[in-house]
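*Asks:* Turn this into a model:
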Amino acid sequence: MDMDIVALSNLLHDHDDTNSATDKHGYTPGNLGNARNQEPAECISSTPPTQQFPTRNSIWAAEEIQSADAVEETEEKSEPNHQIYYKRVVGFGDTFGMSGMSSYCSDCSHIVVKVSLPGCHRDEISLDVTKDKLVLETDNKKLELFMPQQVHGEGGTAEWDKDSDVLSVCLPFV
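*Replies:* Numbering: from 1, shown residues only. As a prediction, the model looks like this:
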């Protein structure tokens, strides 16, 4: 047993300073990649040789970058204030903690999204619900929410409160 510990100790300690770590142990993580003072080796490139990159570290050639004139101007719409609530059906067993349901949203039956849209009329609102996403858009506001679970878009309801300018969307989980 003592011989094993001594042999292991000899492997871990470098007694001869003239040999480098690579001579004794092969490659180490410090040997991977190019040395700092060496130029990188030539590698096969998928770009045609006619493309000239502005600098050595560039990832796109000048021809591949669109000019500012070619990019369409898109109007940025602000995100409206919104709250997300979870809802579930509560029965007699829930009152006394006998239903076995937890307080986590995975046991909920619906998701409710309340969106505040001050100064907006309900005819100006576009609402699109898929099984994964809710998209609400007006002239100057846009809200995109990914659902935590899949929902039944067709089984949901939307209610507009004209007094407070709040849209409430209730969607049942699949």
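
*Asks:* Tell me, please, where in the protein the pLDDT is lower than the cut-off.
*Replies:* 1-3, 13-56, 65-75, 94-95, 97-106 (pLDDT under 70).

*Asks:* And the contacts of the lengthiest helix in the chain?
*Replies:* Secondary structure of the chain per DSSP state H: the longest helix is helix 2-12. Helix 2-12 is contacted from outside by no residue at all, using C-beta atoms under 8 Å, 6 or more residues apart in numbering. Just so you know, the C-beta spots here come from the backbone N, C-alpha and C atoms, and that holds for glycine as well.

*Asks:* how about it: buried residues?
*Replies:* Going by neighbour count (16 or more other C-beta atoms under 10 Å), nothing in helix 2-12 comes out as buried.

*Asks:* ditto for stretch 154-164
*Replies:* 156, 158.

*Asks:* got the end-to-end distance for it?
*Replies:* 26 Å (C-alpha to C-alpha, to the nearest Å).

*Asks:* What lies in contact with it?
*Replies:* 116, 122, 125, 127, 129, 166-172.

*Asks:* So which of those sit within strands?
*Replies:* Taking DSSP state E, the ones among the contacts of stretch 154-164 that sit in strands are 116, 127, 129, 166-172.

*Asks:* and of these, the nearest to residue 151?
*Replies:* residue 171 (4.1 Å; C-beta to C-beta).

*Asks:* circling back: from the ones in strands among the contacts of stretch 154-164, which two are the most distant?
*Replies:* 116 and 172 (23.1 Å).

*Asks:* still on that earlier bit, just the buried residues out of the contacts of stretch 154-164, in ChimeraX syntax.
*Replies:* This is how ChimeraX selects the buried members of these, with burial counted by 16+ other C-beta under 10 Å:
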select :125,129,166,167,169,170,171,172
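
*Asks:* got a markdown table for the contacts of stretch 154-164, with distance to residue 143 too?
*Replies:* Listed next are the contacts of stretch 154-164 as a markdown table, based on distance: C-beta to C-beta, whole Å:
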| residue | distance to residue 143 |
| --- | --- |
| 116 | 10 |
| 122 | 15 |
| 125 | 10 |
| 127 | 10 |
| 129 | 12 |
| 166 | 13 |
| 167 | 10 |
| 168 | 13 |
| 169 | 10 |
| 170 | 16 |
| 171 | 14 |
| 172 | 20 |
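
*Asks:* Please, where are all the strands along this structure?
*Replies:* Under DSSP E, the chain gives strands at 82-87, 110-116, 126-129, 133-137, 142-146, 157-161, 166-172.
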